[in-house]
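Asks: Sequence below, structure please.
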Amino acid sequence: MNISAQRVKELRDKTGAGMMDCKKVLEASHGDIDQAIEMLRQKGLASANKKSQRIAAEGIIESYIHTGARIGVLLELNCETDFVARRTEFQTLARDIAMQIVASPDVEYVSIQDIPENVIAEEERIEAGKEDLTNKPANVKDKIVAGRIEKRLKELSLVSQAFIKQPDLTVEELIKKNIALLGENIQLRRFEKFVIGGGVPKKSNNFANEVAEILQNK
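Replies: Numbers count the residues shown, from 1 in each chain. The predicted structure is shown next:
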């Protein structure tokens, strides 16, 4: 059903949840405010956004080495106090996010807002130049490119990913759920992924050429 902006704002004012979160639960509840509030509380999103403006300068550095020791992650997860940083729930969240990064090979940035303009411009150039759009009218082409870019930016953004342990939640929603649970602002500050051989050119062997060379030297 079509949910009005006024209805979304009303729910946001009552719960402090994000606009998109409010819209999603209103659509799922067919516009029923009380049911939508209950759904937000179940997801741990109600009031989480109100805490997101607080300063989060404490936290932990989490590390995760995947089985086989060929890929690893370091990340910084911040909260407001050292007390929460020592909580099992907070440390579990950091561990889960580190595992999520390993499981998301396309992810390069924390959020879409962190993606540089030059990267977005390059993605737009690539999409606009694809052959399947050559004969499309300009307005249709623009809509297709915009849709593909939106999808691509979400692929690059960690918080836009479906949480591997609970796919009906995004990583962003998972963090908000923990904000509501722990009562403090939580921010994923940064992360770094390490892959064996990453950035080092690898020798490419052409088997056919090797066989031809052996035969020629006989």
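
Asks: Low-confidence ranges, this structure, go.
Replies: 1, 16, 44-55, 199-218 (pLDDT under 70).

Asks: again, only this time at 80
Replies: Scanning the chain with the threshold set as pLDDT under 80 gives 1-2, 12-19, 40-57, 133-136, 180, 198-218.

Asks: Please parse the protein into its domains.
Replies: Using automatic domain parsing, the domain ranges for the chain come out as 5-46, 58-195.

Asks: Make CSV out of the ones you listed and add mean neighbour count.
Replies: C-beta coordinates here come from the backbone N, C-alpha and C atoms, glycine included. Formatted as CSV, the domains of the chain follow (neighbours: other C-beta atoms under 10 Å):
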stretch, mean neighbour count
domain 5-46, 18
domain 58-195, 16
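
Asks: Which elements pack onto the top helix by length along the chain?
Replies: Longest helix in the chain, counting residues (DSSP state H): helix 138-156. In terms of contacts (3 or more C-beta pairs under 8 Å, 6 or more residues apart in numbering; DSSP states H and E), helix 138-156 is packed against helix 117-128.

Asks: can you give me the offset of the helix it packs on from its chain's centre?
Replies: Distance of helix 117-128 from the chain centroid (C-alpha atoms, centre = their mean, to the nearest Å) equals 19 Å.

Asks: now that helix and helix 138-156, what's the angle there?
Replies: Here helix 117-128 runs at an angle of 130 degrees relative to helix 138-156 (axes from the mean of the first three to the mean of the last three C-alpha atoms, to 10 degrees).
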